[in-house]
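could you work out the structure for the sequence below:
(one chain, ligands or ions: 2)
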Amino acid sequence: MCRKKKAIILDRDGTLNEDQGYVHRIKDFQLLPGIIEGLNLLKNKFIFFIISNQSGIGKGYYTFEEFWKFNNHLTSQLEQKDIKIMKTYFCPHRIEDNCDCRKPKLKYIKEIISEYNIDIKNSWVLGDHPSDVQLGINSGSRSIYLLTGHGNSHLKNLEDKRINPTYIAKDFLTAIRFIVLNL
Ligand SMILES: [Mg+2]
Ligand SMILES: [Zn+2]
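Numbers count the residues shown, from 1 in each chain. Ligands and ions are numbered 1, 2, ... in the order given. This is a model prediction of the structure:
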């Protein structure tokens, strides 16, 4: 029997690293507090993925190559601390392109579920934007809205749209502790 695995599906900018908007230069890379500690607490129970909206590529602010350079920098920093991101998925399109991969659309989550045999009901989506929570809701997973990154400034938007995450956390480590309590 092949037991299904549980996933933590992470937004990137504002969730794992600082985001002053369209972050893509390594000199602007800064890991947020609690990321290493938090992911280490979960790594024996979950596998980790990143799904990120990167409309800055579609808008011409930076290239695919710059995106990967920054992303590889992030994932190698995590690897040095024994944390593996299984795969990074990203949408390079603008909103008006109406693609099928921009969060909260389900394209990448569906890929994750089928490729990695994921128990999505017991998996979590974490992010600092209402679309991250909506992604969790749309996929049938649990979700945590983070007040880091753009989280604080979009909180009213989340409430106005009545998008209800499983939990709202002031920072990453608080989110992880909530997951540990609800295993
Ligand atoms: Mg974000
Ligand atoms: Zn897309």
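
which secondary structure elements does the host helix or strand of Ile144 contact?
Ile144 belongs to strand 142-146 when assigned by DSSP states H and E. Helices and strands touching strand 142-146, as assessed by 3 or more C-beta pairs under 8 Å, 6 or more residues apart in numbering; DSSP states H and E, comprise strand 124-127, helix 130-139, helix 151-160, strand 167-169, helix 172-181. All C-beta atoms are positioned from the backbone trio N, CA, C, and that covers glycine.

most neighbours per residue, which of the ones you listed?
Highest mean neighbour count among the helices and strands packed on strand 142-146 (mean count of other C-beta atoms under 10 Å): strand 124-127, with a mean of 29.

phi and psi next, for Glu37.
Dihedral angles of Glu37 (phi, psi; degrees, to the nearest 10) stand at phi -60, psi -50.

what of the one 10 residues further on?
Main-chain torsions, Ile47, degrees, to the nearest 10: phi -110, psi 150.

and Ile85, by the same measure?
According to degrees, to the nearest 10, Ile85 has phi -90, psi 120.

what do you get for Lys103?
phi -60, psi 140.

got it, and Ser52?
Torsion angles, degrees, to the nearest 10, at Ser52: phi -130, psi 130.

what count of nearby residues applies to it?
Using other C-beta atoms under 10 Å, Ser52 has 21 neighbouring residues.

hang on, it packs against Asp13?
Yes. Ser52 is within contact range of Asp13, at 6.7 Å (criterion: C-beta atoms under 8 Å).

give the buried residues for the longest helix anywhere in the chain.
Longest among the helix segments of the chain by residue count, using DSSP state H, is helix 64-79. By 16 or more other C-beta atoms under 10 Å, the buried positions in helix 64-79 come out as Phe67, Phe70, Asn71, Leu74, Thr75, Gln77, Leu78.

need the pLDDT of the fourth one.
This points to Leu74. At Leu74, the model reports a pLDDT of 98.

kindly report the same for Met1.
On the pLDDT scale, Met1 gets 54.

for the remainder of this discussion, apply numbering that starts at 28.
In the new numbering, first residue 28, that becomes Met28.

picking up where we left off before, which helices and strands does the longest helix of the chain pack with?
helix 62-69, strand 112-118.

distance check, the residue nearest in space to the middle of the chain against ligand 2.
Closest to where the C-alpha atoms of the chain average out (C-alpha atoms, centre = their mean) is Asp38, at 1.7 Å. Look at Asp38 and ligand 2: by C-beta to the ion, to the nearest Å, they are 15 Å apart.

can you report phi and psi for that residue?
Torsion angles, degrees, to the nearest 10, at Asp38: phi -70, psi 160.

get me the contact residues on the protein for ligand 1.
Selection of the chain residues close to ligand 1 by C-beta under 5 Å from the ion yields Asp38, Asp40, Gly41, Asp155, His156.
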